[in-house]
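>>> dropping a prediction and its sequence here:
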Amino acid sequence: DCYATLCWAVEHAEDLGADPGRVVVVGPSAGGGLSAGTLLMARDRQGPAVLGGLLDYPMLDDRTGMQHWQDSVSARQYPDDGTWTAAYNNVAWDAALGERRGTELVTPYEAPARATWLDVAFASRVWCDGGDAELHVYPGGTHAMEFVNARWLAQGLTAARDLWMERLLRPEDPRLNVLAVAQAGTYPV
């Protein structure tokens, strides 16, 4: 459904007064997981090219919180507290996947961590492929932290998200930076 929506949005972007070359897929939490799955499907099906994907604290791995996966970092950090406990995670994944959860029947489009390259190394792989990526990890950050956490966490996440979107939608030619560095000369000794 998400992929069909992306295809429709890109196809009808001009009718909606939007630029089809500047579509960004965005989603927090389960929506972040759906966004990642949609981006994977667009890649695999050679579907619409998107300008970027903004995935806030995405749900990526259906195995997190399962008995044999209890050693996952998030399951250890937030077993019974925080804004998204291991129990909530279990309810969400069980509702979405039922008995297929944790089995080989789950596809990377449903649980994007199943894609062999989609993990913390995701940004590195994007860079290796010549793309741009940013990965922000906030110490003490939790699910929906911009709404419930300490002020600096909320400000940091919001500022990083806004600056990234600004750079994405209004890119600056990197040659301008190289030129500015060359014009400034070397650092004084």
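Sure thing, it's come through.

>>> may I have the secondary structure class of the residue nearest the centre of the chain?
The residue lying closest to the centre of the chain (C-alpha atoms, centre = their mean) is Leu55, at 2.6 Å. Put simply, Leu55 is strand when judged by DSSP: H, G, I helix; E, B strand; the rest coil.

>>> and the nearest residue to Asn89 once chain neighbours are set aside, how far is that from Gly98?
Distances taken as C-beta to C-beta, 6 or more residues apart in numbering place Gly65 nearest to Asn89, at 4.6 Å, with adjacent residues excluded. (C-beta placed from N, C-alpha, C; glycine too.) Computed with C-beta to C-beta, to the nearest Å, the distance linking Gly65 and Gly98 is 16 Å.

>>> neighbour count winner among these two?
Between Gly65 and Gly98, counted using other C-beta atoms under 10 Å, Gly65 has the larger neighbour count: 25 against 8.

>>> so the more buried one touches Val91, yeah?
No - assessed by C-beta atoms under 8 Å, Gly65 is found out of contact with Val91, at 9.7 Å.

>>> not counting sequence-adjacent ones, nearest residue to Ala115?
The spatial neighbour of Ala115 that comes closest, neighbours along the chain excluded (C-beta to C-beta, 6+ apart), is Pro108 at 3.9 Å.

>>> for Tyr109, that is, sorry about that
Gly37 (4.2 Å).

>>> elements contacting the helix or strand hosting that neighbour?
Following DSSP states H and E, one finds Gly37 within helix 30-44. The contact analysis (3 or more C-beta pairs under 8 Å, 6 or more residues apart in numbering; DSSP states H and E) places helix 30-44 against helix 2-11, strand 24-28, strand 52-56.

>>> what's the angle from the first one to helix 30-44?
Angle between the axes of helix 2-11 and helix 30-44 is 70 degrees (criterion: axes from the mean of the first three to the mean of the last three C-alpha atoms, to 10 degrees).

>>> again, but for the last one
An angle of 150 degrees separates the directions of strand 52-56 and helix 30-44 when computed by the same axes, to 10 degrees.

>>> what does strand 52-56 rub up against?
Residues from elsewhere that reach strand 52-56, judged by C-beta atoms under 8 Å, 6 or more residues apart in numbering: 24-29, 32-33, 35-36, 39, 157, 161, 164-165, 168.

>>> in PyMOL, select just the buried ones from the residues you listed.
Those of the contacts of strand 52-56 that count as buried under 16 or more other C-beta atoms under 10 Å are selected in PyMOL with:
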select buried, resi 25+27+28+29+32+33+35+36+39+157+161+164+168
